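**Student:** the following comprises the amino acid sequence and a computationally predicted model.
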Amino acid sequence: MNQTRRKGAFPYPLAIPVALAVALAVLLLVAVSEIKTKKQSDPAELPALALLDAEADADPKEVERELKARRESQQAEMDASERESMRDELMSEIENAGDDVWSRFHDYAVLGDSRAVGFYYYRFLQSSRVFADGGDCIRDVKDHMDELRALDPSYIYLCYGLNDTGMGYWKTGEEYGVECREVLTLLKETFPEAEIVVSSILPATESAMYLNPVWRKIPAFSEAMREACEELNCAFADCAELADKYMDVYWESDGVHLNPDFYPYWAANLLLAQLAAEQAE
């Protein structure tokens, strides 16, 4: 039976190619729409996608390095959040049951001055593992190397600084930093498997600094200690904020020594610095 072809209609042989072209165009539009939707709905991938779009003609190795740096930055932010959560949890435990923090110390040695004496004087830690005395400074670490070798501890905590600022051995923080580097290098070479944790120098009260202005050097000396730790990959426990937060349980009447109630908080800060260093390895 003959059929009259409508004017302007496609011949039958062209119908299939045209249909395929239309279908492909639709698929392409859908794919583009999905990509745009994904970019808008998935913020986590936006930086990487934007980078790839911007750097399409760049060296692939440079792009990969940039992506890696971004991933590491995101991981660092996550680690910081986790450490803050751990800090809050540990501090909460101390406030509810302060003695529990001491059970977390294992295979350790503590070295320090009269402030560190309190760790064994108040029977918080074993006296056989605390090498501290009134008047000691960081230079005295070298005098305890035999005891340290006998213990061969996994964790070494340094709690100096009160005397370091006033003994006259170092006039500036820069000079003190040189001594800190020498001591830390000695410990790392002698105990390569040990984690070394250094406390910042706990501050003194304003009245104490008025009577003895040498305590005003504490921030500069503590910063030099921090820089030495950073350079030699040792854990640094910054206690300035801690001392300010728990000021009501911090000082004895002389404005430089510590009440026993402060020691659990100090110990927890040392442990948190240790955990952060272990996570970073």
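**Tutor:** That came in fine, so what should we check first?

**Student:** pLDDT value on Y246, please?
**Tutor:** Here, the pLDDT recorded for Y246 equals 87.

**Student:** now the nearest residue to it once chain neighbours are set aside: which helix or strand?
**Tutor:** Residue nearest to Y246 in three dimensions, not counting chain neighbours: Y265, with 5.3 Å by C-beta to C-beta, 6 or more residues apart in numbering. C-beta: built from backbone N, CA, C; applies to glycine. Here Y265, judged by DSSP states H and E, is contained in helix 263-280.

**Student:** same question, G168
**Tutor:** Residue-wise, G168 maps onto no helix or strand under DSSP H and E.

**Student:** do a quick rundown of the helices in the stretch 51-200 of the chain.
**Tutor:** With DSSP state H, counting those that start in this stretch as the criterion, the stretch 51-200 of the chain has helices at 60-96, 114-121, 145-151, 173-190.

**Student:** average pLDDT across the first one?
**Tutor:** So that's helix 60-96. For helix 60-96, the mean pLDDT works out to 66.

**Student:** thinking again about what came up before, now the helix holding Y265: buried residues?
**Tutor:** Buried residues in helix 263-280, counted by 16 or more other C-beta atoms under 10 Å: 263-277.

**Student:** before we move on, what about stretch 251-267?
**Tutor:** 251, 255-258, 262-267.

**Student:** contacts for it, please.
**Tutor:** 91, 94, 98-99, 101-102, 105, 114-115, 118-119, 122, 124, 159, 162, 199, 202, 204-209, 211, 215, 239, 242-243, 246, 249-250 (C-beta atoms under 8 Å, 6 or more residues apart in numbering).

**Student:** ok, 7 Å please
**Tutor:** 94, 98, 101-102, 114-115, 118-119, 122, 124, 162, 204-205, 207-208, 215, 239, 242, 246, 249-250 (C-beta atoms under 7 Å, 6 or more residues apart in numbering).

**Student:** can you check stretch 226-242 too?
**Tutor:** 177, 180-181, 184-185, 188, 195-200, 202-203, 265-266, 269-270, 273-274, 276-277.

**Student:** what count of nearby residues applies to G134?
**Tutor:** Neighbour count for G134, taken as other C-beta atoms under 10 Å: 12.

**Student:** tell me the phi and psi of D133?
**Tutor:** Note on D133: its backbone torsions stand at phi -160, psi 150 [degrees, to the nearest 10].

**Student:** any idea how far it lies from Y155?
**Tutor:** D133 is 21 Å from Y155, where distance means C-beta to C-beta, to the nearest Å.

**Student:** ok, the two, which is more surrounded?
**Tutor:** Y155 (20 against 14).

**Student:** how about the more buried one: what's its closest non-neighbour residue?
**Tutor:** Excluding the flanking residues, the one nearest Y155 by C-beta to C-beta, 6+ apart is Y108, at 4.4 Å.

**Student:** again, but for E82
**Tutor:** Q279 (7.8 Å).

**Student:** can you list the domain ranges for this protein.
**Tutor:** With domains defined by automatic domain parsing, the chain comprises 48-96, 105-280.

**Student:** of those domains, which stretch is the most buried?
**Tutor:** Stretch with highest mean neighbour count among the domains of the chain: domain 105-280 (a mean of 18; mean count of other C-beta atoms under 10 Å).

**Student:** end-to-end on that domain?
**Tutor:** Using C-alpha to C-alpha, to the nearest Å, the end-to-end distance of domain 105-280 comes out at 20 Å.

**Student:** go on, stretch 208-224?
**Tutor:** OK, stretch 208-224 end separation, C-alpha to C-alpha: 22 Å.

**Student:** can you list contacts of that stretch?
**Tutor:** So stretch 208-224 is in contact with 161, 164-166, 173-174, 176-177, 180, 200-201, 203-204, 254-256, going by C-beta under 7 Å, 6+ apart.

**Student:** quick check: I156 vs L184, distance?
**Tutor:** Per C-beta to C-beta, I156 is found 10 Å from L184.

**Student:** between those two, which contacts overlap?
**Tutor:** I196.

**Student:** okay, now the unreliable bits of the stretch 1-150 of the chain?
**Tutor:** Residue ranges of the stretch 1-150 of the chain with pLDDT under 70: 1-61, 63-65, 67-68, 71-80, 83, 87, 90-91, 93-99.

**Student:** you'd agree I201 is up against L158?
**Tutor:** No - counting by C-beta atoms under 7 Å, I201 sits too far from L158 to count as a contact (10.7 Å).
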